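Trainee: Sequence isn't available, so here's the structure alone:
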């Protein structure tokens, strides 16, 4: 890898294990994330967003015990989110949005702290904190039944199309009621004159 450090181009034969921050975002990187990245045990911030990375998230990232921020958004990553990531107890920021992930979001206290924005744009994901529920079949996440597919079309904040239609309908009825009341009062005033 060729890297520019302090204005000078340097050739690195391997990643140094002493890095605490790696930001390689907004490049044209392609290919897979190498499993050897898990050897960076003291890395705190990893940003590989806005590239063309493919393949799965390496489960070895779960070995990066000091990791506080992980951003893999806007790539072409796929597969399930490895359960090993739930070992990242210091992880405070996670962004896996706009990829092709499928399956259930790992069940751990740490993953419950991230909101929907961390997973946006992954139509195959299900489970908390998303509103799309998973069904269980032999312990694995499966496709949803027809009646649950409506959840896929819910807005990010949890309001579905039914709630919006009911709100518009109620607003319409209240508007008509107020309009009729105003017209009736004007009619009475006109008669009194």
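Mentor: Now that the structure is in, tell me what you want to look at. Here the structure is a predicted model, which is why all the values come from computation and not from measurement. Numbering: from 1, shown residues only.
Trainee: Could you use CA atoms for every contact and neighbour count after this?
Mentor: Fine.
Trainee: Identify the residue nearest the geometric centre of this structure.
Mentor: residue 119 (1.2 Å; Cα atoms, centre = their mean).
Trainee: State the distance from that residue to residue 80.
Mentor: 12 Å (Cα to Cα, to the nearest Å).
Trainee: ok so, going back, so what's the residue nearest to the centre of the chain up against?
Mentor: Taking Cα atoms under 8 Å, 6 or more residues apart in numbering, we find residue 119 in contact with 95-98, 125.
Trainee: Rank the residues you listed by pLDDT and give me only the lowest.
Mentor: Among the contacts of residue 119, residue 125 carries the lowest pLDDT, at 90.
Trainee: That residue reaches residue 102, doesn't it?
Mentor: Yes: Residue 125 lies in contact with residue 102 (Cα atoms under 8 Å); the separation is 4.5 Å.
Trainee: who has more neighbours, those two?
Mentor: Using other Cα atoms under 10 Å as the criterion, residue 125 and residue 102 rank with residue 125 on top: 24 against 18.
Trainee: and that one, which of the three is it?
Mentor: At residue 125 the chain is in strand, as set by DSSP: H, G, I helix; E, B strand; the rest coil.
Trainee: please begin residue numbering at 9 from this point
Mentor: With the count now opening at 9, the last piece we talked about shows up as residue 133.
Trainee: Any idea what it is bridged to?
Mentor: residue 111 (DSSP bridges).
Trainee: re earlier: quick one: which of the contacts of residue 127 is most hemmed in?
Mentor: residue 133 (24 neighbours).
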